[in-house]
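Participant: return atomic coordinates for the entry below.
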Amino acid sequence: MSVHLIQWEAPLAARQHHRIVIIGGGSAGISVAARLRRAGQRDVAVVEPSGRHYYQPLWTLVGGGRAPLAQSVRPQASVLPKGTHWIRRSARAVDPESRQVTLDDGGTVGYDQLVVCPGIQLDWERVPGLSAAGLGADGLCSNYLPHTAPATWRLIRGTRSGTAVFSMPTGAVKCGGAPQKIAYLAADHWREQGVLGRVDIHLVIPGATLFGVPEFARVLDGVVRRYGITVHYGSEVTEVRAAAREVVVTDLATGGTTALPYDLAHLVPPQSAPDWIKRSPLAGADDPAGWVEIDRHTMQHVRYPDVWALGDAGSSPNAKTGAAVRKQAPVVVENLLAAVDGRPPTARYDGYSSCPLTTARRKMLLAEFDYSGRPAPSIPLIDTVRERTDMWYLKRHGLPFLYWNLMLRGLA
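Facilitator: Residues are numbered from 1 along each chain as shown. The predicted model follows:
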């Protein structure tokens, strides 16, 4: 696909104005930009500093040895919609009263309508002893960064005995099933190698169940029994002692702590909205995570009607996944265009999200659900409330194809 875009390298303190400004060039920003361009909007700008665009759901498979990292990345220029203004800077502030975005070089961008979707912030420093720089050494790894996901597979492959710890933090995280998925991929690899019985696997999760939807939680209960995984419910890793090769696990109900030794530890950092959003008027006053405060159905800001948000940085209480973005993007675009025309927003997002849970190296549980907390299957005539091999092929091949060829083009 040939792509023609206008790239703006803003000089210091430059001022510019666009009818619609999108902060963030990830899955949410590009999907919205593509839909706006298809709807005939000619002045659409995307504020995004990175020259690379990642399909992040593949990183779990990279860490599990089931996909190469190279298949998760493409040049940003190749996914930006034709005619989009690409501002290769980072947003640093928003003044919704003057309708202005401040950039990292001191320049500003005015807007008529603003879409906020900068993604989520990984707060490594909130766990003492945990840092992105230390991943890949001392048995520590994480699939939440592209350059560290391959180290996860290296450590899994090199583990033949000992203790493996997999953790999930409290609070919202992107792809909430990812902390579990890598545990199951690792366990199935060790089963195939005939060493599963020699690896003591621990899964540390803050919730009382493995999944918030009972139908899927029951399936996952069987998965952890199959692999002999010890699950620490209502708990969180609160400190890493890399020199001693141990993590501190805190019981969230009692505050009691336990030192858990490890040979391999896959850790997921706490996450929140980017700091500049937390400091902005866009965040909820009583929300320590700092999410952009929007109506959960219309995706419109509750105080600033010309501001919209979707994806990981929004306050809507859905699971933060790419599948949620796929359903949110058309709602945002329809309602934004209605607002431009002076009409009230009527399109509604129902909280749909999906978590393709890899439970083995060739099996997947497709968990689809919405605000009701009940299964919301989208594939007719197929029982998705069980582990399936065909769903594995959807995860490995079908969903990446859907992402690159349909969703980012505003078609999915």
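
Participant: quick one: the helices in the stretch 301-412 of the chain?
Facilitator: Using DSSP state H, counting those that start in this stretch, the helices of the stretch 301-412 of the chain run over residues 322-340, 389-393, 399-405.

Participant: tell me which of the ones you listed lies nearest to residue 195.
Facilitator: Nearest of those to residue 195, taken as C-beta to C-beta: helix 389-393 at 22.7 Å. Yep, even glycine has a C-beta here, placed from its N, CA and C like the rest.

Participant: contacting residues around that closest one?
Facilitator: 356, 358, 360, 362, 363, 364, 365, 366, 382, 384 (C-beta atoms under 8 Å, 6 or more residues apart in numbering).

Participant: what's across from the fifth one in the sheet?
Facilitator: For residue 363, the beta-bridge partners under DSSP bridges are residue 360.

Participant: hang on, residue 136 in a helix?
Facilitator: No: applying DSSP: H, G, I helix; E, B strand; the rest coil, one finds residue 136 to be coil, outside a helix.

Participant: what's around it, how many residues?
Facilitator: Residue 136 is flanked by 17 other residues according to other C-beta atoms under 10 Å.

Participant: then the one 5 residues further on?
Facilitator: Residue 141 is flanked by 27 other residues according to other C-beta under 10 Å.

Participant: how close does it get to residue 237?
Facilitator: According to C-beta to C-beta, to the nearest Å, residue 141 stands 13 Å off from residue 237.

Participant: next: residue 164.
Facilitator: Distance, residue 164 to residue 237, by C-beta to C-beta: 13 Å.

Participant: and the buried ones among the contacts of helix 389-393, selectable in PyMOL?
Facilitator: Applying 16 or more other C-beta atoms under 10 Å to these leaves a buried subset, and the PyMOL line that selects it is:
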select buried, resi 356+358+360+363+364+365+366+384
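
Participant: contacts only, for the residue nearest the centre of the chain.
Facilitator: The chain has residue 174 as the residue nearest its centroid, 3.0 Å off, counting by C-alpha atoms, centre = their mean. Residues near residue 174 by C-beta under 8 Å, 6+ apart: 56, 119, 120, 144, 271, 312, 320, 321.

Participant: what's it sitting at in phi/psi?
Facilitator: phi -70, psi 140 (degrees, to the nearest 10).

Participant: so it bridges to which residues?
Facilitator: If you apply DSSP bridges, the partners that residue 174 bridges to are residue 320.

Participant: anything in contact with each of residue 141 and residue 237?
Facilitator: Contacts common to residue 141 and residue 237, judged by C-beta under 8 Å, 6+ apart, are residue 267.

Participant: in the stretch 251-400 of the chain, which spans are strands?
Facilitator: In the stretch 251-400 of the chain, the strands defined using DSSP state E, counting those that start in this stretch lie at 257-261, 264-266, 271-272, 307-309, 353-360, 363-369.

Participant: nearest to residue 214, out of the ones you listed?
Facilitator: strand 363-369 (10.6 Å).

Participant: can you check the pLDDT for residue 286?
Facilitator: On pLDDT, residue 286 comes in at 89.

Participant: what about it, neighbour count?
Facilitator: By other C-beta under 10 Å, neighbour count at residue 286 equals 6.

Participant: that one and residue 314, how far apart?
Facilitator: Distance of residue 286 to residue 314, given as C-beta to C-beta: 16 Å.

Participant: how about residue 35?
Facilitator: Counting by C-beta to C-beta - residue 35 and residue 314 are separated by 17 Å.

Participant: which one of these two has more residues nearby?
Facilitator: Neighbour comparison, residue 35 and residue 314: the larger count goes to residue 314, with 28 against 22 (by other C-beta under 10 Å).

Participant: hmm, that one is touching residue 295, no?
Facilitator: No: here residue 314 does not reach residue 295: they are 9.9 Å apart, not a contact under C-beta atoms under 8 Å.

Participant: just say helix, strand or coil for the residue lying closest to residue 63 once chain neighbours are set aside.
Facilitator: Nearest residue to residue 63 in three dimensions, chain neighbours excluded: residue 152, at 3.4 Å (C-beta to C-beta, 6 or more residues apart in numbering). Residue 152 falls in the helix class when you classify it by three-state DSSP.

Participant: just residue 226 next, same as before
Facilitator: Secondary structure assignment for residue 226 (three-state DSSP): helix.

Participant: run a quick neighbour tally on the nearest residue to residue 122 once chain neighbours are set aside.
Facilitator: Once flanking residues are discounted, residue 122 sits nearest to residue 269: 4.8 Å by C-beta to C-beta, 6+ apart. Residue 269 has 22 neighbours, counted by other C-beta under 10 Å.

Participant: ok, now how distant is residue 269 from residue 322?
Facilitator: Relative to residue 322, and taking C-beta to C-beta, residue 269 is found at 19 Å.
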